[in-house]
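sequence first, then the predicted structure:
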Amino acid sequence: MNKFTLFLMLIISYTTSAQTLTEIFINIPSEISGNLTAEEQRTILQKLDDNSISFYKNSITNEISMMDDSDIDLEDYGIMGYYLNPFLPKNGYYKITQAIPLSQGVDFENVCYWNLDNGSKLVAKVSCFGSYCCGPIPENITFYNYKNLRFEKLETEDIFPSPTYEDIVDIEKMKQDGHDPEKYKDFILPKINNNYELPIQGKNITIAIEVYDYLEEESEMYYIVEPYIKGAITYLWKDGHFEIEK
């Protein structure tokens with residue numbers, strides 16, 4: 001294979017990847033990018049600078065302005081800020097954030113896709129909606145089968161099984177230290193918050209495990225349990241589904 005042929009193949013591959021991620025960005029069911037019309041979305045993608053862009057949209061007038069526009073009054077009703085960063089066609093990944101200026105309300109969606117052997121794509125969307133001032137906000141992960149511009153929502157458990165108590169807590173170490181793991185099970189599980197890390201490189205998904213202590217009367221139990229919480233769980237890609245790494 002000569003250098004020109006290799007270069008041409010790389011160009012075709014990148015163009016195909018860019019088209020795929022663009023189609024996903026425009027068509028995926030979304031409470032963030034869905035606030036933009038398809039035409040607005042295409043315009044935004046054409047203005048990407050170093051795989052990112054920041055802009056405002058006035059939901060009343062539907063005007064879009066770049067964030068370096070000094071004429072924007074951030075206190076105008078209906079102004080919403082958007083950050084598309086990064087948008088990486090080669091990696092099949094993007095993150096979009098929306099925020100109301102001068103407030104603490106921030107929403108985001110991370111999206112990633114995998115090529116399947118049957119020619120379709122598996123698409124994952126991690127979303128978080130809420131205000132940072134209200135404490136930890138749970139993230140949600142949704143999976144779709146994507147083909148011919150159509151999204152079919154899949155049952156998450158069929159693709160991405162929930163972690164068990166044993167996946168979250170170092171049971172053996174608790175026992176070695178003289179603690180009864182079952183005593184803390186009902187305390188831990190309702191307080192678990194999963195932070196999903198979709199892959200920018202590679203194919204596996206990682207979730208960071210956090211346990212939040214909201215009630216002062218439970219603090220003593222929390223500090224006993226906290227050292228035994230595993231920091232992260234890796235989900236290994238298995239062509240269409242994931243398995244927890246043991």
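Thanks, I have the structure now.

L189 is in contact with E166, isn't it?
No. In this structure, L189 is not within contact of E166 by CB atoms under 8 Å, at 11.7 Å. No exception for glycine: its C-beta is placed from N, CA and C like everyone else's.

I'd like the distance between N115 and I171.
From N115 across to I171, the span is 37 Å (CB to CB, to the nearest Å).

check I200 too.
Going from I200 to I171 by CB to CB gives 32 Å.

please apply the same query to N62.
55 Å.

same check, this time on N118
Look at N118 and I171: by CB to CB, they are 39 Å apart.

can you check I229 too?
From I229 to I171 the distance is 12 Å (CB to CB).

pLDDT below threshold where in this structure?
1-16, 69-77, 101-105, 131-137, 213-218 (pLDDT under 70).

so what are the domain limits for it?
3-158, 165-244 (automatic domain parsing).

can you list the ones you listed in TSV and add mean neighbour count?
Below are the domains of the chain laid out as TSV (neighbours: other CB atoms under 10 Å):
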stretch	mean neighbour count
domain 3-158	15
domain 165-244	14
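
strands of the protein, start to end?
Along the chain, counting by DSSP state E, strands occupy 53-58, 64-66, 79-88, 93-99, 105-115, 121-131, 140-147, 150-153, 192-197, 205-211, 232-237, 242-244.

right, and those strands - which one's nearest K183?
Proximity to K183 (CB to CB) singles out strand 205-211 among the strands of the chain, at 15.0 Å.

which other residues reach that closest one?
124, 136, 160, 163, 168, 188, 191-199, 222, 225-226, 229-235, 237, 242 (CB atoms under 8 Å, 6 or more residues apart in numbering).

repeat the analysis, applying 7 Å as the threshold.
With CB atoms under 7 Å, 6 or more residues apart in numbering as the test, strand 205-211 has contacts from 168, 188, 191-199, 225-226, 229-235, 242.

and for stretch 155-170?
141-143, 181, 185, 188-189, 192, 209, 228-230, 233, 235, 241-242, 244.

centre of the chain versus it, how much separation?
Put simply, stretch 155-170 sits 17 Å off its chain's centre (CA atoms, centre = their mean, to the nearest Å).

need the CA coordinates for it. CSV is fine.
Taking Å, rounded to 0.1, in the frame of the first residue of the first chain, the C-alpha atoms of stretch 155-170 are listed here in CSV:
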residue,chain,number,x,y,z
GLU,A,155,-32.9,-1.8,28.2
THR,A,156,-29.9,-0.7,30.2
GLU,A,157,-29.6,-3.9,32.2
ASP,A,158,-29.3,-5.9,28.9
ILE,A,159,-26.3,-3.9,28.0
PHE,A,160,-24.8,-2.6,31.2
PRO,A,161,-25.6,-4.6,34.4
SER,A,162,-25.9,-2.7,37.7
PRO,A,163,-23.0,-3.2,40.1
THR,A,164,-23.6,-5.5,43.0
TYR,A,165,-22.7,-4.8,46.6
GLU,A,166,-19.7,-7.0,46.2
ASP,A,167,-18.6,-4.9,43.2
ILE,A,168,-18.8,-1.7,45.2
VAL,A,169,-17.4,-2.8,48.6
ASP,A,170,-14.2,-4.7,49.5
